[in-house]
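Engineer: Sequence unavailable; structure follows:
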């Protein structure tokens, strides 16, 4: 059984930074592609970043390119999302998820965390 637990969310001022972590419990972490999704107030869930099994292939949605960095440590079974230059529009609940394909489609993800709130406000 796979469990994902996000951490690192919180309140930050515009222009600030946060690093989210997603701890994976279960087997075969290194066989999953990992994605970060977010859902803002009144918005649909969107995929913002994906990383492949080995960490050498990544994808970002346009709105976070150049500001967010996804990475993974297979030895620690953890995926990270470094978020810099945060904007109020980044306010959302952030979820990590695991899939057996490299995809931005939420419906293809097999396992989901419970989410962590990120609020960007002065």
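Structural biologist: Looks like it came in fine. Just so you know, these numbers come straight off a predicted model, no measurement behind them. Residues are numbered from 1 along each chain as shown.
Engineer: Centroid-nearest residue for this structure?
Structural biologist: Residue closest to the average C-alpha location in the chain (CA atoms, centre = their mean): residue 36, at 2.5 Å.
Engineer: Surely residue 15 and residue 90 touch.
Structural biologist: No: look at residue 15 against residue 90 with CB atoms under 8 Å: they stay out of range, at 11.0 Å. Yep, even glycine has a C-beta here, placed from its N, CA and C like the rest.
Engineer: higher neighbour count, these two?
Structural biologist: Comparing residue 15 with residue 90 by other CB atoms under 10 Å, the one with more neighbours is residue 90, at 22 against 11.
Engineer: Counting neighbours, what do you get for residue 46?
Structural biologist: Close neighbours of residue 46, defined as other CB under 10 Å, add up to 16.
Engineer: Likewise for residue 55?
Structural biologist: Counted with other CB under 10 Å, the neighbours of residue 55 add up to 15.
Engineer: contacting residues for it?
Structural biologist: With contacts defined as CB atoms under 8 Å, 6 or more residues apart in numbering, the neighbours of residue 55 are 71-72, 74.
Engineer: what about 6 Å?
Structural biologist: The contact partners of residue 55, taken as CB atoms under 6 Å, 6 or more residues apart in numbering, are residue 72.
Engineer: That one belongs to a helix?
Structural biologist: No: assignment of residue 55 by DSSP: H, G, I helix; E, B strand; the rest coil gives coil, placing it outside any helix.
Engineer: i'd like the first residue to be 55 from this point on
Structural biologist: All set: I'll call the first residue 55, so the last point we hit is now residue 109.
Engineer: hmm, who's touching the helix or strand harbouring residue 123?
Structural biologist: Residue 123 belongs to strand 122-127 when elements are defined using DSSP states H and E. Contacts made with strand 122-127 from outside it, assessed by CB under 6 Å, 6+ apart, are listed as 103, 105, 109, 112, 133-137.
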